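Asks: kindly generate the corresponding structure for this input.
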Amino acid sequence: MRRTHIILDGLQDPLAGQALSAAWAGAGFHNVVDVAGQCAWLAPGGGALNENDEGGVLTEGDVDRAAAIARRFGLEIRDRAGKTFQPDNDLASLHERMAYEYKSRFATAVVFVLPALAMHYAGPWLAGGATGARDMLYPWLFELLLVGWACIAAGWPILWQGVLSLVNRRGTGDLLTSLIVVAAFVPSALGVVTLIATGRTWLGASGSGVPGDGPAFHAAGVAIALAVLGRWLAYRVIANLSGKANVMLLRFGRLIVLWIAASAVVAFLMGWHWGLAFGLLLPPLASLGAINPWSPGWSAVLPVAAFSVVFLLGPGAMRVSLESVQTETAAGFALIMTLFFNAGWRRLHKQ
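Replies: Sure thing, here's the model as predicted:
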């Protein structure tokens, strides 16, 4: 039997993997889905599964049908390492291609997000020490352009799958990342556009005390960079993760939905920047990150939950001032968790 391997980039709920496998089987495909390995294989149906049968291969049209089914689960499958379709492709080559792709995307994110961050923090200085919104127009405009291009060039696959997840009402890590990006970038961009058009904006210069307290382009850029970094690190050691879906978080989609709802509540009660920062606390690869020797399964989420309490209560009960660095604090924690997950992935082969 000749199998066609495909990449299921972003699939993190084992139950969703089972449902996808059942949907493919119902459409006439023999298949096996490896959620932890971020991959699957497909073969023509219509008869008993025979490992020794060399006949019957999928056509490109068959894979297109399988891709349409996968989109209902918020996934855009990858089936080729080159430009042409090959029914008997090589899984290792596909994984290598994904690692290279996300390495390149992370480099792109760094190249554009770092200058945007510099513009964000040095904006008042570049504006001659002024604090008015009008004086910050050009630094904000450059931030808009840099982060906007970083989101498109580095994060397009993630954003697209976030759209698919939203349309099909699937809670995924890509949906969380996409909503953070949209919630941070769109209001900020509208604030800059209205400043250009009318000379007034709801955004206040950073540190001005105005409720808007500056745009949040940096939150969008950091969200994309963290998501792409996590993907690259995972694909570097994907062989260590393959076949370990039993450790991943069942019903991870529900956690995503609850986290998005909690972020909205935080934004309503504590402000827009706080809501974005709270959303950033949950690494988008938390379910895949649960495959590690130190905190497997749901225990991987405990540090996130514990730090979230400190994060929210710190400004009040604990008298810890985070108002001016809430996004930076959240992004730093998410980065630490991502690196912790990666360190665990790299040790799995030694067990």
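Asks: where does the stretch 251-351 of the chain dip in pLDDT?
Replies: 315-324, 350-351 (pLDDT under 70).
Asks: all the helices of it, residue numbers only.
Replies: 252-270, 272-280, 286-289, 302-313, 326-347 (DSSP state H, counting those that start in this stretch).
Asks: now the stretch 51-200 of the chain
Replies: For the stretch 51-200 of the chain, the helices defined by DSSP H, counting those that start in this stretch occupy 60-71, 91-126, 137-167, 173-198.
Asks: okay, those in a markdown table with mean neighbour count and mean pLDDT next?
Replies: C-beta coordinates here come from the backbone N, C-alpha and C atoms, glycine included. Formatted as a markdown table, the helices of the stretch 51-200 of the chain follow (neighbours: other C-beta atoms under 10 Å; pLDDT from 0 to 100):
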| stretch | mean neighbour count | mean pLDDT |
| --- | --- | --- |
| helix 60-71 | 16 | 94 |
| helix 91-126 | 18 | 91 |
| helix 137-167 | 20 | 94 |
| helix 173-198 | 21 | 94 |
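Asks: okay, these in JSON lines with distance to Thr84 next?
Replies: Shown next, in JSON lines, are the helices of the stretch 51-200 of the chain (distance: least, C-beta to C-beta, whole Å):
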{"stretch": "helix 60-71", "distance to Thr84": "9"}
{"stretch": "helix 91-126", "distance to Thr84": "13"}
{"stretch": "helix 137-167", "distance to Thr84": "20"}
{"stretch": "helix 173-198", "distance to Thr84": "27"}
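Asks: from the helices of the stretch 251-351 of the chain, which stretch is densest packed?
Replies: Scoring these by mean neighbour count under mean count of other C-beta atoms under 10 Å gives helix 286-289 as the most buried, with a mean of 29.
Asks: contacts for it?
Replies: 12-13, 36, 38, 173, 230, 234, 241, 248-249, 252, 255, 283, 300-301, 304, 337-338, 340-341, 344 (C-beta atoms under 8 Å, 6 or more residues apart in numbering).
Asks: any idea how far Met248 is from Gln12?
Replies: 7 Å (C-beta to C-beta, to the nearest Å).
Asks: any residues in contact with both of these two?
Replies: 35, 287-288.
Asks: nearest to Val266 among those?
Replies: Ser287 (22.2 Å; C-beta to C-beta).
Asks: chain neighbours aside, what residue packs nearest to that closest one?
Replies: Gln12 (3.7 Å; C-beta to C-beta, 6 or more residues apart in numbering).
Asks: which phi and psi does that neighbour have?
Replies: phi -130, psi 0 (degrees, to the nearest 10).
Asks: same check on Trp41?
Replies: phi -130, psi 150.
Asks: what about it, distance to Gly162?
Replies: 26 Å.
Asks: Arg65 now?
Replies: 23 Å.
Asks: then Val309?
Replies: Distance from Val309 to Gly162, by C-beta to C-beta: 27 Å.
Asks: also Ala220?
Replies: 13 Å.
Asks: before we move on, what about Ala43?
Replies: Using C-beta to C-beta, Ala43 is found at 30 Å from Gly162.
Asks: ok, Gly271 next?
Replies: Gly271 is 24 Å from Gly162, by C-beta to C-beta.
Asks: please apply the same query to His5.
Replies: 25 Å.
Asks: and what of Trp140?
Replies: Trp140 is 25 Å from Gly162, by C-beta to C-beta.
Asks: again with Pro139
Replies: Taken as C-beta to C-beta, the span from Pro139 to Gly162 is 28 Å.
Asks: kindly report the same for Phe311.
Replies: From Phe311 to Gly162 the distance is 24 Å (C-beta to C-beta).
Asks: for Ile6, same thing?
Replies: 20 Å.
Asks: same check on Pro187?
Replies: Look at Pro187 and Gly162: by C-beta to C-beta, they are 17 Å apart.
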